[in-house]
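Undergrad: Sequence plus the predicted model coming up.
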Amino acid sequence: MVAAVDTLSSDDDDQILDAIGSWLEGVKPQVRELEQGDIYPEEIVKQMKELGLFSLMYPVEYGGLGMNASSYAKVITKLSETWMSLAGIINTHMMLGQLIGRFGTDSQKEQFMYKLAAAELHGVLCLTEPDAGTDLQGIKTHAKNHGDHYTLNGSKMWITNGLHGSLYAVLTKTDLNASPAHKGMTMFLAERGEGFNVDGKIRKLGYRGLESVALSFDDFKISADRILGGEEGFGFKHAVGGLELGRINVAARGVGVAKAAMDDAVSYSQQRKTFGKPICDHQSIQIKLADMATKVEAARLLVEQAAAKYDRGERCDMEAGMAKLFASEAALENATEAMRVHGGYGYSKEFDVERYYRDAPLMCIGEGTNEIQRVLIARQLIQRNPV
Ligand SMILES: Cc1cc2nc3c(=O)[nH]c(=O)nc-3n(C[C@H](O)[C@H](O)[C@H](O)COP(=O)(O)OP(=O)(O)OC[C@H]3O[C@@H](n4cnc5c(N)ncnc54)[C@H](O)[C@@H]3O)c2cc1C
């Protein structure tokens, strides 16, 4: 396990990344079979726990490593270079820790943070519903107040880690008629019990191995002290409060997939020969490689900039949005270009580029679609530059 320290220096970062890099060498040969079979990587997850990957951003006082967003983004990039799904396994877990750390009551922190940092609990985020994703104020899951407890009814969609997870942040409406709607929204910290149903694993294009599930609540009883922060009406604030970090994480994944696609293209183009020379000597392939490499570096710099602002406690919604937008599109473009560099083999299940091509689109959708990122970036641009 990597050692816990109060503030990680760049030397610590390098050591942690080196340790993860060595471990990933052993993971790499297992990925194709697990991914193509959509098999949960039990043994790899066990090793991730032993390595301390579940505790990375948890504060030292709760037994975590106290890693900042800049360092965490580098870890996420590294994991995603090997298999993006590994980043997904810890991401909702880290987001839940940030939520409880920022907004939880003292007793919620005491009750959950140690267990989360020790990976005794696995965190899950339940926001999206069958009829509402981007428009979160349109959710329908209702939590009815009975004094010391609530009953939840409704359903959730696309919940990552929904089967293997154990502590769920569930966004609900406690007042269906509130105006504006967000004032009637409340987040609960739920553990599974009677009336909390996991309705099934959703079959997906990519992001396989880990599960995304549909959930439903059928008169699920939950104690009032499980309201995040202890008070009704702050659920929307809690849900959007984690978005900056969420976007930095998705952007970091984008860098990882964009780099993996580039690396494979660089390697293959030196081995494959046409017309008596390696294809990397053809100018049209060189143009692709150059564009891919430039996008990787630009995306990496945007992620670093957004994460550094986040770590300084500065507003970074625009920067995180730009990083997420650019890096996810870079991943998608690089995956497509890497496939073309591989010719027919790029279409084969025997090469990893077809996986990058299936994994990349998720980053354009998750943590706020890229359409919405553009809207938010433009709004910020206007707000920060009034005439
Ligand atoms: C593999 C996977 C894993 C996921 N994991 C989780 C998870 O763990 N927890 C969770 O809560 N959710 C999760 N999600 C859900 C994800 O966050 C949503 O899919 C995403 O927010 C988009 O919502 P939607 O699917 O309802 O699309 P919609 O909101 O219906 O959007 C459809 C289209 O309309 C566009 N659009 C919508 N509104 C506007 C607007 N105002 N202006 C311009 N364009 C607009 C969107 O950009 C999109 O192109 C996951 C999704 C996937 C695919």
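TA: Great, that's in hand. Numbers count the residues shown, from 1 in each chain.
Undergrad: Mind checking what helix or strand follows the helix or strand harbouring residue 356 in sequence?
TA: Taking DSSP states H and E as the criterion, residue 356 maps to helix 353-365. Downstream of helix 353-365, the next assigned helix or strand under DSSP H and E is helix 370-384.
Undergrad: quick one: average pLDDT of that following helix?
TA: Helix 370-384 carries an average pLDDT of 96.
Undergrad: And the residue of the chain positioned farthest from its centre, how far from residue 282?
TA: Relative to the centre of the chain, the most outlying C-alpha is that of residue 276, 44.2 Å out, by C-alpha atoms, centre = their mean. As defined by C-beta to C-beta, to the nearest Å, residue 276 lies at a distance of 11 Å from residue 282. For the C-beta atoms, the positions are set from N, CA and C on the backbone; glycine is no exception.
Undergrad: try residue 164
TA: Separation of residue 164 from residue 282 (C-beta to C-beta): 46 Å.
Undergrad: List the contacts of whatever residue of the chain ends up closest to the ligand.
TA: With C-beta to the nearest ligand atom as the measure, residue 133 is the residue of the chain nearest to the ligand, at 2.0 Å. Taking C-beta atoms under 8 Å, 6 or more residues apart in numbering, we find residue 133 in contact with 127, 157-158.
Undergrad: Look at it and report its pLDDT.
TA: So residue 133 comes in at 94 (pLDDT).
Undergrad: low pLDDT regions in the stretch 101-250 of the chain?
TA: Judged by pLDDT under 70, the stretch 101-250 of the chain has no weakly predicted residues.
Undergrad: let's go with 90 and repeat that
TA: 200, 241-244 (pLDDT under 90).
Undergrad: Could you tell me which residues of it lie near the ligand?
TA: Within reach of the ligand by C-beta under 6 Å from any ligand atom, the stretch 101-250 of the chain has these residues: 125-128, 133-135, 158-160, 204, 207, 212.
Undergrad: Just the buried ones from those?
TA: 125-128, 133, 158-160, 207, 212 (16 or more other C-beta atoms under 10 Å).
Undergrad: The stretch 151-300 of the chain: helices as residue ranges?
TA: Along the stretch 151-300 of the chain, counting by DSSP state H, counting those that start in this stretch, helices occupy 235-241, 243-271, 283-311.
Undergrad: what's the distance between the most centrally placed residue in the chain and residue 44?
TA: In the chain, the residue lying closest to the centroid (C-alpha atoms, centre = their mean) is residue 91, at 4.5 Å. Residue 91 sits 15 Å away from residue 44, going by C-beta to C-beta.
Undergrad: Residue 138 now?
TA: Counting by C-beta to C-beta - residue 138 and residue 44 are separated by 37 Å.
Undergrad: neighbour-wise, which of those two wins?
TA: Each of residue 138 and residue 44 has its neighbours counted (other C-beta atoms under 10 Å); residue 44 has more, 21 against 12.
Undergrad: Pull out the buried positions in whichever strand or helix holds that one.
TA: Assigned by DSSP H and E, residue 44 belongs to helix 42-51. Under the neighbour-count criterion of 16+ other C-beta under 10 Å, helix 42-51 has 44-45, 48-49, 51 buried.
Undergrad: Looking at these, which is nearest residue 144?
TA: Of all those, residue 45 has the smallest distance to residue 144: 35.9 Å, by C-beta to C-beta.
Undergrad: Now for that closest one: which residues touch it?
TA: For residue 45, the contacting residues are 89, 164, by C-beta under 8 Å, 6+ apart.
Undergrad: Could you tell me the model confidence score at it?
TA: Residue 45 is given a pLDDT of 98.
Undergrad: swap in the one 3 residues further on?
TA: Taken from the predicted model, the pLDDT recorded for residue 48 is 98.
Undergrad: what sits against it?
TA: So residue 48 contacts 54, 86, 89-90 (C-beta under 8 Å, 6+ apart).
Undergrad: Any chance of the residues you listed in a markdown table with neighbour count as columns?
TA: Compiled in a markdown table, the contacts of residue 48 are given as follows (neighbours: other C-beta atoms under 10 Å):
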| residue | neighbour count |
| --- | --- |
| 54 | 26 |
| 86 | 26 |
| 89 | 25 |
| 90 | 26 |
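Undergrad: Do you know the pLDDT at the closest residue to residue 380 other than its chain neighbours?
TA: Of all residues not flanking residue 380 in the chain, residue 318 sits nearest, at 3.9 Å (C-beta to C-beta, 6 or more residues apart in numbering). With respect to pLDDT, residue 318 has a value of 95.
Undergrad: how deep is residue 318 tucked in, by neighbour count?
TA: 20.
Undergrad: For it, give me phi and psi.
TA: phi -70, psi -40 (degrees, to the nearest 10).
Undergrad: what separates it from residue 250, distance-wise?
TA: On the measure of C-beta to C-beta, residue 318 and residue 250 end up 15 Å apart.
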